Every structure is written in structure tokens, then in C-alpha cells.
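In: what follows is a predicted protein model with its sequence.
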Amino acid sequence: MATSNTPALQLRGIEKHYGFVKALAGVDFEVHSGEVVALVGDNGAGKSTLLKVMSGAHPATHGTILIGGVEVTFANPREAADAGVQMVYQDLALVEGADIASNLTLGREPVRRGPLGWLGMLDKKAMRREAEREIRALGVSTAPVTRPVEMLSGGQRQVVALARSAVRVGDRENGVLLLDEPTAALGYAQTQQVGNLIRNMAERGIAVVVVTHNLPLCFEVADRINVMNRGRKVADVARTETDNDAVVGWITGARPPQEHLLAGT
Amino acid sequence: MADASTQPGAPAPSAGAPGAPVDAGGSRNVRALVFLRDRGIIILWLVLVAFFAVWAQPYFFTLTNAALVANAAALAGIFAAAVAFGILSGALDLSIPGTSAVAGVVAGLALAADKPVWLAILAAMLTGAAVGYVNGWLVQRGLNALVVTIAMLTALGGVANLLSDGVAITGLTQLTWLGNGDLWGVPSMVIAVGLLFLVSIFWLNQFRSGSRLQAVGSNIEAVRRVGLLADRYRILGFVLSGICGALGGIAVLATTSQASPSPSVDLLFAAITAVALSGMPLTGGRGSLAKVLVGTLIIATINSALIIKGIQPYWTTVITGLLLVGALAFDKVMTSAVTARLTASAVVPDGTDESKQA
């Protein structure tokens, strides 16, 4: 993956305390545009907390966040979204009764031209066109965009949720997509489809961070794998330079942390 | 919007609706099922009308009786619209009879003081909007919607009685043209309610705010996450519900020439029944106002036929209850049948073959 030198999203020395509990103890992290970084670790290792810090859901206790090399602070997910960081939650938060097109364009619905548009009259044709274009651009096919979400399968819903966030990241510079367990509820074929989708989004230049328990998925889609253990990052390796056993070793703690990550802690 | 499928002019939005670019193969079944699910209530009504036309002839299937049925349905329809606006935005508003009583009394006081009719109606609508706003504001602060609106119902019943000194304000004939008049044989009330529904349906399906209101009812978190101020749409739902409740108060005043301060919970339950009959899930976010109107028509139709046949009116409520359970079961069976066929079918319509990828 061609990556620029300045990371799209960079975290430095992130600490997160919940009362006396240190959920994150000085974590550095970076993801470049067009790169997929998988974040793995056991339950309670801190990967979800780290994701929440990136998404603005939980502000860090200490540490800095940089977007395209510029320092930012996120008070809430909305500020993160405005900065181009979109999170796809595990509960996809789709509008069940509405069709795919409405879900994809929610909050940025195209309106008609002229006075009726000023009143907010929808341009349904443009809505459908836009939704179809987005789905096609992601290189996946799903049900027709006029189908209500309540009639979709789990995999199709995941695609819609991913597409909705991808639309919002769009072509902006340093756009980042955060995915929390995108395949947790999916079968094999659907996981494949979501995997393809993640690769396609990276190829469009989006920086993608995936939190997952699914190691095969990890090795399929990730450029780099970061392993968390007890609030620390214990490994940061290119996918091609590691294997399943090594990653499992880091996750369980059977394998010692990488040397360069021990420095300074 | 699932609801758009029953609106004429809306461009075939729901799956399987005629004209939608759906399901190339093996889909005729799905299409038929979706059609039945979406149009079932209309078919039911037509069947009822056909049956009663024979069973209760010669009085049932006449223009005079049609006007009577339409008039009864219109009055119930306003309250059903009030309930539906609440539900579409995600809350069952039980304060409607209270709103309607207070708004009716406010209008009644204005009319009794010889204020112009438009001012009385405006005052009533503003009262309804204010009640709705307070409801919405409280619910948005995390209080349970059912309890808040029940409390509001109780409080408003008191307020209405305080305003009117506990007695009905009588002799209000200024609105008779609306309550008992007609235009070329069509009752004015039917025309007014028809307009109310047309405008509401158009707004819900074709306008951004209408579609977001329903999105909030379906999944408020989804709306929040795309960066919209979801709570505003919640409050808007209560305000619209309050305004419709107030219009209901005006309609009752127009029909009876008096403003009674006691809230009519019967009207509320009839309205909820019509809404439920229309297949609109009380959990919110989808459904069709047009079908709600058909729901009120069904109840009015049954009522009318039983009256004509001289059958005890209690049978109406028995039959309505049975129909309600039947409609609910029908909707559930149809929805799961459609969903099962759509998600289990190997061929996803535009060519992806999920099962082959496995």
C-alpha cells in the first residue's frame, strides 16, 4: 500500500484512566491513508478503549491526537466526525423502516431545486442515484437501494452501515474509518464480503482501523497488525512479517513485547 | 420510507412494489407477499364494504350512508393522526384527550367572548402545540413518555375544568358549517380531515424533516450518529401530535356546538385501535398515515352496518378487538415470510450470489 509519510491519524502517549484503573498506559498508534491497521487483543486489553479515544467517545486522560500531522482534540464523536474520523459501531444503528437509499443519505439528503427545495422537499431520484453510486464505488453489491433495511440480511446491513460511514469520509484528505468488530455477527461468506469492502475502502485512500477478534480476517485485510495487552501495545508488525502463532502469543502474553515498544515505558 | 408505498405518486419505494427495480428471478412470490402485507388492510376494508352491501341492503350501500360513515371516520381520523404522529416519532402520546379538551375549552371561551373563529382555532392550535412541546421537552430529558403523557392527561383534565368552571360551554354555533355543513354533498368535516391527511402524508414522504421525524422514531441513535439534532425531531413529533389533538377538540366542538372540559379517553382508544389496525407498529418509525385513515374507515364501516342491522353496538367492539389481533398476526406472518424469502434466497437481486461465495 502506498502511504504518505504523515499519518492520517496519529496518537501519542495516550493514557486513559477510569478511576484507579489504567485502561491505556502510554499507547502510540498511527494509521496512514490507504492503510488498514488491525487492532487485536484479548477482552479488556484496551483495544476498544483505544478505538473510543480515536472516535471521540471517550476523551483520553493524557496524550495527543494528530490528524494529518495537526494536533486536535475531540470532545465528542461529532467533533471527530467533523475532522473526518467516522466510527462504525457494532450495533449498526440503521433506520429499520427506511430503505437503503434513505439510510445512506440520512443527514445529507439531496433536495429538489427551487422553492420546494428550500422547504426541504426530497429529490428521491437523486437519493437513489447517489446511494447506488456509493454502493458501486465500494465494489460490493447488495440489495436494491429501495429495499427497507428491515428486509436485509446481517451481511447486507453491515455493508449498508459501512457504506454510510464511507460516504461521509468520502474523498477527504486524511479520512479515517474506525470499525468495531465488523464481522462479529456474520457468517463465512458475509465476512468475505465485508473483508473485500474494507480493502476497497483502503484502496480509495481511506485510513481504516479494524478492531476484531477474527484473526483470519486480520491476516486477509490488514497491512499492519497492532496487538494490545493489558492497556499497552505489545506488537506493531506488518502482516507479511508475522504469522498467526506470533500474534496469538502476543495476545495471550506468552510472547514478550517487541523491544522497541518497551523503550520509554 | 416504508410508508410511502401506499401513497399515490410516490415513486415505488418499497421492496417489491410495482415498478421498483427488484428481484429478477423467483420473486413473484415475494412481490405478492409484500403487496398483501402493504395493501392487506385496504383489501380487508373493500371486502367488508362488499359484504355489508349485500348483508345490510338496501340501506348500507347508499350515498347518504357513505357520508355518515365518512363523517364518523373523519372525526376518529383526526385523533388517529394525533396518535400516529406521536408513534412515528417514537412515542405513544396518551395526553391527546386532555389536549383536545383544553384546546376545545380555549376555543370555546374565545367563541363565547365573540372573538373571530380564526382566532379561536389559532388559540386552540397554539395550546396544542404548547402541550406537545412540554411533553417532548420532558421526554427528551429522559422521563418515560407513557408516564409523562398520562400525567399530562390528568393535569390537563383539571386545567380544562378550571378554565370552564367545571361545566361545558354551550351554544357555540359559530363552527356549525364545519361540524354539520357540507360542500356539494360531501360533509365539510370529511373535506377538512382529508386535507389534513393529504398534507401530512405528503410532508412525511416527500420532505426531509418528515423523513427524519420517522427515522428518529425508528432509531434515534442512527440519527444522532450522522450528526443531526435528533431531539428536535422528537419534540416536533409531540408538537404535531398536540396540534392534531387540538384540532380534534375543535372538531368535537364543531360537531356538538359545545366545549366539554372532560377528556374522552374512549376517543383515544378508538384512535389507537385504528392506528394499530393500520399495521403501524407502536414501537414507532414506520407505517402509513393513509392506512391509518383506512383503519378508521374500517371501524366506522363495521359500526354503521351493525347499526343498520339493529345489532347491539357492543358487537362492534368485540369485532374490532378480534380484527386488531388478526391484523397484528397477519402483519407478523407476512413480514417474517417476506424477510425469510429475501434473506435466505441464494440470489441477491443484482447478481451477487452469496451462497456461491461460501
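Out: Cool, the structure landed.
In: name the residues of stretch B:65-72 that are buried.
Out: The neighbour-count check on stretch B:65-72 (16 or more other C-beta atoms under 10 Å in any protein chain shown) flags B:N65, B:A66, B:L68, B:V69, B:A70, B:N71, B:A72 as buried. For glycine as for every other residue, the C-beta is placed from the backbone atoms N, C-alpha and C.
In: just these: which are in helices?
Out: Per DSSP state H, helices hold the following members of the buried residues of stretch B:65-72: B:N65, B:A66, B:L68, B:V69, B:A70, B:N71, B:A72.
In: so what's the residue count around the closest residue to B:L63 other than its chain neighbours?
Out: Spatial nearest neighbour of B:L63, excluding adjacent residues (C-beta to C-beta, 6 or more residues apart in numbering or on different chains): B:G185 at 7.2 Å. Residues within reach of B:G185, counting by other C-beta atoms under 10 Å in any protein chain shown, total 9.
In: ok, and the closest non-adjacent residue to A:A184?
Out: A:Q90 (6.3 Å).
In: isn't that neighbour up against A:E181?
Out: Yes - if you go by C-beta atoms under 8 Å, A:Q90 and A:E181 touch, sitting 5.1 Å apart.
In: who has more neighbours out of the two?
Out: Neighbours were tallied for A:Q90 and for A:E181 using other C-beta under 10 Å; the higher tally belongs to A:E181 (18 against 14).
In: from B:L163, how far out is that one?
Out: According to C-beta to C-beta, to the nearest Å, A:E181 stands 57 Å off from B:L163.
In: make sure A:G63 is indeed in a helix.
Out: No - using DSSP: H, G, I helix; E, B strand; the rest coil, the secondary structure at A:G63 is strand, not a helix.
In: which bits of the stretch 101-250 of chain B sit near chain A?
Out: Proximity of the stretch 101-250 of chain B to chain A (C-beta under 8 Å from any C-beta of the partner chain) is limited to residues B:206-209, B:211-212, B:214-215, B:218-219, B:221-223, B:225-228.
In: swap the cut-off to 10 Å and go again
Out: Applying C-beta under 10 Å from any C-beta of the partner chain, one finds that the stretch 101-250 of chain B approaches chain A through B:202-203, B:205-212, B:214-228.
In: nearest to chain B within chain A, name that residue for me.
Out: A:G97 (3.0 Å; C-beta to the nearest C-beta).
In: need the nearest residue in space to that residue, chain neighbours excluded.
Out: Using C-beta to C-beta, 6+ apart, the closest residue to A:G97 is B:R286 (3.0 Å).
In: again, but for A:H213
Out: Per C-beta to C-beta, 6+ apart, closest to A:H213 is A:E181, 6.9 Å.
In: and if you look at B:K291?
Out: B:S278 is the one closest to B:K291 (C-beta to C-beta, 6+ apart), at 3.8 Å.
In: tell me the mean pLDDT for the top helix by length along chain B?
Out: Longest helix of chain B, by residue count under DSSP H: helix B:314-344. The average pLDDT within helix B:314-344 is 80.
In: one step back: can you give me phi and psi for the residue nearest to A:G97?
Out: phi -150, psi 170 (degrees, to the nearest 10).
In: what's the spacing between it and B:A222?
Out: 13 Å.
In: what do you get for B:T170?
Out: B:T170 is 50 Å from B:A222, by C-beta to C-beta.
In: those two: which is more packed in?
Out: Taking other C-beta under 10 Å, B:T170 and B:A222 do not tie; B:A222 has more neighbours (26 against 13).
In: wait, that one sits on A:L104?
Out: No - look at B:A222 against A:L104 with C-beta atoms under 10 Å: they stay out of range, at 11.6 Å.
In: can you classify the residue nearest the centre of chain A by secondary structure?
Out: Closest to where the C-alpha atoms of chain A average out (C-alpha atoms, centre = their mean) is A:L178, at 1.7 Å. Going by three-state DSSP, the secondary structure assigned to A:L178 is strand.
In: output the below-cut-off pLDDT ranges for the stretch 1-150 of chain A.
Out: Low-confidence segments of the stretch 1-150 of chain A, defined by pLDDT under 70, span residues A:1-4.
In: now the common contact residues for B:R286 and B:A222.
Out: Counting by C-beta atoms under 10 Å, 6 or more residues apart in numbering or on different chains, the shared contacts of B:R286 and B:A222 are A:V95, A:E96, A:A98, B:A215.
In: make TSV from those residues and add neighbour count, distance to A:Y188 and secondary structure to it.
Out: Listed next are the shared contacts of B:R286 and B:A222 as TSV, based on neighbours: other C-beta atoms under 10 Å in any protein chain shown; distance: C-beta to C-beta, whole Å; DSSP: H, G, I helix; E, B strand; the rest coil:
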residue	neighbour count	distance to A:Y188	secondary structure
A:V95	28	28	coil
A:E96	20	25	coil
A:A98	29	29	coil
B:A215	31	32	helix
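In: return the closest of those with respect to B:W137.
Out: B:A215 (20.5 Å; C-beta to C-beta).
In: my guess is that closest one contacts A:G97. True?
Out: Yes - using C-beta under 10 Å, B:A215 is in contact with A:G97, at 8.2 Å.
In: can you show me the strands along the stretch 1-150 of chain A?
Out: Ranges of strands in the stretch 1-150 of chain A, per DSSP state E, counting those that start in this stretch, are A:9-18, A:21-31, A:36-41, A:62-67, A:70-72, A:85-88.
In: can you count the residues close to B:S262?
Out: Based on other C-beta under 10 Å, the number of other residues close to B:S262 is 14.
In: assign it to helix, strand or coil.
Out: Looking at B:S262 with three-state DSSP, the answer is coil.
In: that one: what's it in contact with?
Out: Taking C-beta under 10 Å, 6+ apart as the test, what B:S262 contacts is B:P97, B:G98, B:A101, B:G157, B:A160, B:N161, B:S164, B:G166, B:A168.
In: which of those residues are buried?
Out: B:P97, B:G98, B:A101, B:G157, B:A160, B:N161, B:S164, B:A168.
In: chain A versus the third one, what's the distance?
Out: It refers to B:A101. As judged by C-beta to the nearest C-beta, to the nearest Å, B:A101 and chain A stand 32 Å apart.
In: doesn't B:G285 make contact with A:G97?
Out: Yes - using C-beta under 10 Å, A:G97 is in contact with B:G285, at 4.7 Å.
In: start and end of stretch A:28-40, how far apart?
Out: 15 Å (C-alpha to C-alpha, to the nearest Å).
In: that stretch: which residues count as buried?
Out: Across stretch A:28-40, burial judged by 16+ other C-beta under 10 Å covers A:F29, A:E30, A:V31, A:H32, A:S33, A:G34, A:E35, A:V36, A:V37, A:A38, A:L39, A:V40.
In: one more: stretch A:241-254?
Out: Buried-residue list, stretch A:241-254, by 16+ other C-beta under 10 Å: A:T242, A:V247, A:G249, A:W250, A:I251.
In: bridge partners for the spatially closest residue to B:N71 that is not a sequence neighbour, pull those for me.
Out: Nearest residue to B:N71, sequence neighbours excluded (C-beta to C-beta, 6+ apart): B:P187, at 4.7 Å. With DSSP bridges applied, B:P187 shows beta-bridge pairing to B:D182.
In: run a quick neighbour tally on B:P187.
Out: Neighbour number of B:P187 under other C-beta under 10 Å is 20.
In: how about A:A207?
Out: Neighbour count of A:A207, defined by other C-beta under 10 Å: 27.
In: likewise the one 10 residues further on?
Out: Residues lying near A:L217 (other C-beta under 10 Å) number 21.
In: with that, I have no additional questions.
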